[in-house]
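Peer 1: sequence below, structure please.
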Amino acid sequence: MDSSEVEPGTSTADSAAESSLVVEESFFSTLDIFLFSLIAGFAIYWFVFRKKKVEIPDYKTLQPQVQTIRETSFIEKMKKTGKNIVVFYGSQTGTAEEFANRLSKDAQRYGMRGMATDPEEYDMSELNRLTEIENTLAIFCMATYGEGDPTDNAQDFYDWMQETDLDLTGVKYAVSIKENKQDF
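Peer 2: From the prediction side, this is the model:
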């Protein structure tokens with residue numbers, strides 16, 4: 001309807017008010033809808049898609065580990081553990097080792113404390129220091145193989161015994177040899 005055309009029975013003021021009502025009926029304009037969409041899109045991005053700050057846990061600094069030095073003194077080990085019998089074994093198949101372990105355990109029956117050890121793991125030049133420990137005894141359970149050759153773990157001890165001039169005066173010891181003969 002044109003503003004020049006006025007319906008009969010209505011005034012121009014009424015028609016102007018009616019046309020303003022039509023304009024006022026749309027509560028949001030296109031700009032309002034665009035701004036609202038922009039704010040809603042930013043809110044969705046902010047809460048859903050943005051990368052959240054990842055907290056880095058506080059780790060303790062690692063201390064460099066000191067390599068444990070293998071103790072090569074059977075005397076010091078005996079003193080620390082209160083042992084007074086040491087049973088050295090030279091074994092190729094495990095028989096002499098088993099016998100040495102049984103001997104060291106059976107020593108408890110007689111009020112002694114024993115330990116079975118591989119001569120390859122300790123410094124055998126300390127044998128003369130056995131007198132430092134009261135009431136000590138060294139037992140050697142040695143097996144042989146072939147034509148009476150020493151076992152692999154006792155070879156260095158055998159060579160050392162052949163070459164040394166170490167004074168073993170006062171050292172109490174016992175020797176048990178088991179010979180393994182192989183028939184061909």
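Peer 1: for this structure, which strand is longest?
Peer 2: In the chain, with assignment by DSSP state E, the single longest strand is strand 137-145.
Peer 1: elements contacting that one?
Peer 2: Strand 137-145 is packed against strand 85-90, helix 95-106, strand 173-179, with contacts defined by 3 or more Cβ pairs under 8 Å, 6 or more residues apart in numbering; DSSP states H and E. Backbone N, C-alpha and C define where each C-beta goes, glycine included.
Peer 1: for the most centrally placed residue in the chain, helix, strand, or coil?
Peer 2: Centroid-nearest residue in the chain: Q65, 11.6 Å away (criterion: Cα atoms, centre = their mean). Classification of Q65 by DSSP: H, G, I helix; E, B strand; the rest coil places it in coil.
Peer 1: low-confidence ranges, the chain, go.
Peer 2: 1-26, 66-70, 178-184 (pLDDT under 70).
Peer 1: helices of this protein, residue ranges please.
Peer 2: In the chain, helices defined by DSSP state H lie at 12-25, 30-44, 74-81, 95-106, 155-163, listed in chain order.
Peer 1: which of those sits most buried?
Peer 2: The highest average neighbour count among those, using mean count of other Cβ atoms under 10 Å, belongs to helix 95-106 at a mean of 18.
Peer 1: let's see that one as PDB, backbone CA atoms only.
Peer 2: What follows is helix 95-106, C-alpha atoms only, in PDB (Å, rounded to 0.1, in the frame of the first residue of the first chain):
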ATOM      1  CA  THR A  95      78.700 -81.800  40.300                       C
ATOM      2  CA  ALA A  96      81.600 -80.100  42.200                       C
ATOM      3  CA  GLU A  97      79.500 -76.900  42.600                       C
ATOM      4  CA  GLU A  98      76.600 -78.900  44.000                       C
ATOM      5  CA  PHE A  99      78.900 -80.700  46.400                       C
ATOM      6  CA  ALA A 100      80.500 -77.300  47.500                       C
ATOM      7  CA  ASN A 101      77.000 -75.900  48.200                       C
ATOM      8  CA  ARG A 102      76.100 -78.900  50.300                       C
ATOM      9  CA  LEU A 103      79.300 -78.600  52.300                       C
ATOM     10  CA  SER A 104      78.800 -74.900  53.000                       C
ATOM     11  CA  LYS A 105      75.300 -75.500  54.200                       C
ATOM     12  CA  ASP A 106      76.200 -78.600  56.300                       C
END
